[in-house]
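# After the sequence you'll find the predicted model.
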Amino acid sequence: MVRNIVTVSAGRAEGNTIRGHTVRLWRLHEGKNDNDDNGSTVPSSEVIAAISDDHSGPIRDVCYDSITHSIYTCSNDGTVKLRSIEEGGACHTTLACPGGDRPMLLSLCVVGDDSERCVVAGAEDGNVVVWDISGRRDVQIIPHPGCVWKVVAFANGDFVTACHDGHVRIFTRHVGRAAHPDVVKSFEETVTAAQSARSSGPSPDEIAKLPKWEMNALTQGRSEGQVQVFQKEGKAIAAQWSAASRTWIEVGEVTGSSANAGTINGKKYDHVLPIEIDVPGGGVQKLQIGYNNGENPFVTAQQFIDEHMLDQHYLAEIADYIRQRAGDSGPTLGMGAPSSNGGFEMSYDHLPMRGYKVFDAGVDKKGVSKVVQKIREFNQEVSCNQLSSDEVGDSLDSLTNTLCITNRYHSSTISTTELLPLRKMILKWDVSHAFPALDLARMTVLHPDAAKGERKAYWKEVLDGALSLCLGLGEAASREVAVPMLTMRLVCNCFKGGSGAASAAESLLDRILDCVEICVPSDNKNVRLALATALLNTSSYMYSSSSSSVSSAIRILDLVGTIVGSGKYESEAVGRILVALGTVLLIPGKCGLDAKQAARERGIVSMMERVASGNGDAAIAVAKEIRSILS
């Protein structure tokens, strides 16, 4: 018997840096032990793949998702990485904790069924972070009274947390299993009390237990920059170790966990937040607003407006900013939400897009049988490259039977023989007969085994053939429905399918954008929604990929401008287009910076806000976040 296992390591210290934190994929073999008379077996092992240092800190936990056949790892760097087994543990998606100062993630698990799959991580800062893999919900933060050391999934979709306060708690989305309101209230009060205690700083008893500052020479630091808390004159102070001088250097008093605490005009506040005001001539006036926990943020905002004689319409914006506890970065009034500076990373409610939207309707016996019936009808009509009797019979039947049993996707397989008819139809049949094959490919690519890593070449051929059918329509693409719509839907599902299909889509990104471009003027709303979703999924893939192309990002900006400028697109499609734009702007590194510059040069903000105003509250909210990114 052969088994695979995955291990992770925290790495080793090299000077002042931790390196070598590694994900290893092992293969275990059972073999006969010739030295044992009873014939028992002992396992042997070999490392078949290893990925090192793609987290920027020690790896703390690993789990396996039996539905998607993916590996998940979490780290001190505050991220979770989704990894492909087929690609030897290579990362294809990174989930990051919201906010700029990411906590260490100590444990993680995967919960829920196909439609509500979530990654849950326990953090040292006393929070549980929940990411919805499907992208249907925003990241959820569940505060706890203390460090969350362990999270474990239940088969029914619930999960349990083990907190430093000695309590185990179960969380659910099922209303029938929810705790009594009194239990929920007690939990919330416990969390509030713990947060208040942390923000107020160490107690006198805690300070008394600290090593005394005058005896700091007896405490040796372990590495450059290590922080140690000492007792000095009845106060807790933080000191940092200097390896060069072999001494502790005093940093300052420990007053609590609020990084924003400070004073304004001699008055102490729990939070001192910066605010910048645009002034005539293009200048900026820098001010500070003070806020204490428990105060009404609207009252504080109104007092600030009165004191500085600001326009009244800033009230809601300032109050929202206070409630967000923005910390290191403040908003420029008249320029939307807070902008990022330095090392501070803003988090947004709607951006970026993480995960993918798919078109999975019809993956049942009724829907699939209609597609197969049409394929068999067309197989009689095509003049050449007909499917053989085995292909149109047993191969199609076997493939479609597997596709219909969606609750077995984690264990079912699809053979190459079953896939070959699809490729033949898409590559060889004319555009008037190939569209049912596109629909079946759209369903097939969502099966994990069909789209696994080793089938990249297959899906590159199929997807390239589909794009050729669509591009071959030329200007007629705006009047056609079936081929443009199904090609775009296939593109969308390729990103969500296995790593082979996703890699194939990445390699054909320019062709995909070519196809989107000729379909933009489409007269059909289903085509318009499909191409909007294709741009959305493309942007999400680029955001999570380390090889994003600047030219592709800027081309998406131009396509978005053309789409919203047409005035033809429905609210759902407009919403997806706006999220696609915002996601491209947030791509890390040079690609994102160049995209932002190009968006400013094109006057994207004013265009997006005009379009959003007529397409609902969600579109307006996304447009505001885009303004914030570009401000």
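Everything's here; your move. Computed from a prediction, not measured in an experiment: that's the story for all the values here. Residues are numbered from 1 along each chain as shown.
# alpha carbons only for contacts and neighbour counts from here, please
Will do.
# Now name the helix or strand holding the nearest residue to N379 once chain neighbours are set aside.
Take N379 and drop its neighbours on the chain: the residue closest to it by C-alpha to C-alpha, 6 or more residues apart in numbering is Q386, 5.7 Å away. For Q386, there is no helix or strand it lies in under DSSP states H and E.
# In terms of pLDDT, where does Q386 sit?
Q386 carries a pLDDT value of 84.
# That one and A482: what is the separation?
21 Å (C-alpha to C-alpha, to the nearest Å).
# Check M607 too.
For M607, the distance to A482 - C-alpha to C-alpha - is 31 Å.
# Where in the protein is the helix or strand with the lowest mean pLDDT?
The least trusted helix or strand in the chain, going by mean pLDDT, DSSP states H and E, turns out to be strand 332-333, with a mean of 42.
# what's the very next helix or strand once past that strand packed up against?
Counting by DSSP H and E, the element after strand 332-333 in chain order, helix or strand, is helix 365-381. In this structure, helix 365-381 makes packing contacts with helix 396-404, helix 435-444, judged by 3 or more C-alpha pairs under 8 Å, 6 or more residues apart in numbering; DSSP states H and E.
# Identify all contacting residues around the shortest one.
The contact list for helix 396-404 (C-alpha atoms under 8 Å, 6 or more residues apart in numbering) reads 363-365, 368, 372, 409, 412-414, 418-419, 421, 443-444, 447.
# where do the strands sit along the stretch 51-200 of the chain?
Ranges of strands in the stretch 51-200 of the chain, per DSSP state E, counting those that start in this stretch, are 59-65, 70-75, 79-84, 90-96, 105-111, 118-123, 127-132, 140-143, 148-153, 159-163, 168-171.
# possible to save those as JSON lines with mean neighbour count and distance to F304?
Putting those into JSON lines (neighbours: other C-alpha atoms under 10 Å; distance: least, C-alpha to C-alpha, whole Å) gives the following:
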{"stretch": "strand 59-65", "mean neighbour count": "20", "distance to F304": "45"}
{"stretch": "strand 70-75", "mean neighbour count": "24", "distance to F304": "41"}
{"stretch": "strand 79-84", "mean neighbour count": "23", "distance to F304": "37"}
{"stretch": "strand 90-96", "mean neighbour count": "19", "distance to F304": "34"}
{"stretch": "strand 105-111", "mean neighbour count": "26", "distance to F304": "38"}
{"stretch": "strand 118-123", "mean neighbour count": "26", "distance to F304": "36"}
{"stretch": "strand 127-132", "mean neighbour count": "22", "distance to F304": "32"}
{"stretch": "strand 140-143", "mean neighbour count": "15", "distance to F304": "30"}
{"stretch": "strand 148-153", "mean neighbour count": "21", "distance to F304": "38"}
{"stretch": "strand 159-163", "mean neighbour count": "20", "distance to F304": "40"}
{"stretch": "strand 168-171", "mean neighbour count": "14", "distance to F304": "40"}
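# Pick out the shakiest of these, pLDDT-wise.
strand 90-96 (a mean of 80).
# picking that back up, out of the contacts of helix 396-404, the closest to V382 would be?
The closest of the contacts of helix 396-404 to V382 turns out to be P421 (C-alpha to C-alpha; 14.2 Å).
# Where does that closest one sit: helix, strand or coil?
Following DSSP: H, G, I helix; E, B strand; the rest coil, we place P421 in the helix state.
# Distance-wise, check the nearest residue to V191 once chain neighbours are set aside relative to S75.
In space, and not counting its chain neighbours, V191 is closest to P145: 4.5 Å by C-alpha to C-alpha, 6+ apart. Separation of P145 from S75 (C-alpha to C-alpha) stands at 21 Å.
# for A623, same thing?
A623 is 33 Å from S75, by C-alpha to C-alpha.
# Was I right to think C519 contacts L529?
No. C519 is beyond contact range of L529, at 10.9 Å (criterion: C-alpha atoms under 8 Å).
# Between these two, point out the one with more neighbours.
A side-by-side neighbour count of C519 and L529, using other C-alpha atoms under 10 Å, places C519 first with 29 against 21.
# circling back to that earlier point, can you give me the neighbour number for the residue nearest to N379?
Neighbours of Q386 (other C-alpha under 10 Å): 19.
# for it, phi and psi?
The phi and psi values for Q386, taken as degrees, to the nearest 10, are phi -70, psi 150.
# Double-check it against R376; I have them as touching.
No. Using C-alpha under 8 Å as the test, Q386 is too far from R376 to be in contact (9.8 Å).
# where do the contact lists of these two overlap?
Residues touching both Q386 and R376 (C-alpha under 8 Å, 6+ apart): none.
# And the strands in the stretch 201-350 of the chain, which stretches?
Applying DSSP E, counting those that start in this stretch to the stretch 201-350 of the chain gives strands spanning 227-232, 235-242, 247-253, 262-264, 267-269, 271-278, 284-291, 332-333.
# Quick one: closest of the ones you listed to P204.
Among those, strand 235-242 comes nearest to P204, with 8.3 Å by C-alpha to C-alpha.
# Determine the set of other helices and strands touching the closest one.
strand 227-232, strand 247-253.
# Distance from that strand to the middle of the chain?
Relative to the centre of its chain, strand 235-242 is centred 37 Å away, using C-alpha atoms, centre = their mean, to the nearest Å.
# what sits against the closest residue to C404 other than its chain neighbours?
The spatial neighbour of C404 that comes closest, neighbours along the chain excluded (C-alpha to C-alpha, 6+ apart), is D364 at 4.7 Å. Counting by C-alpha under 8 Å, 6+ apart, D364 makes contact with 403-405.
# Just the buried ones from these?
403-404 (16 or more other C-alpha atoms under 10 Å).
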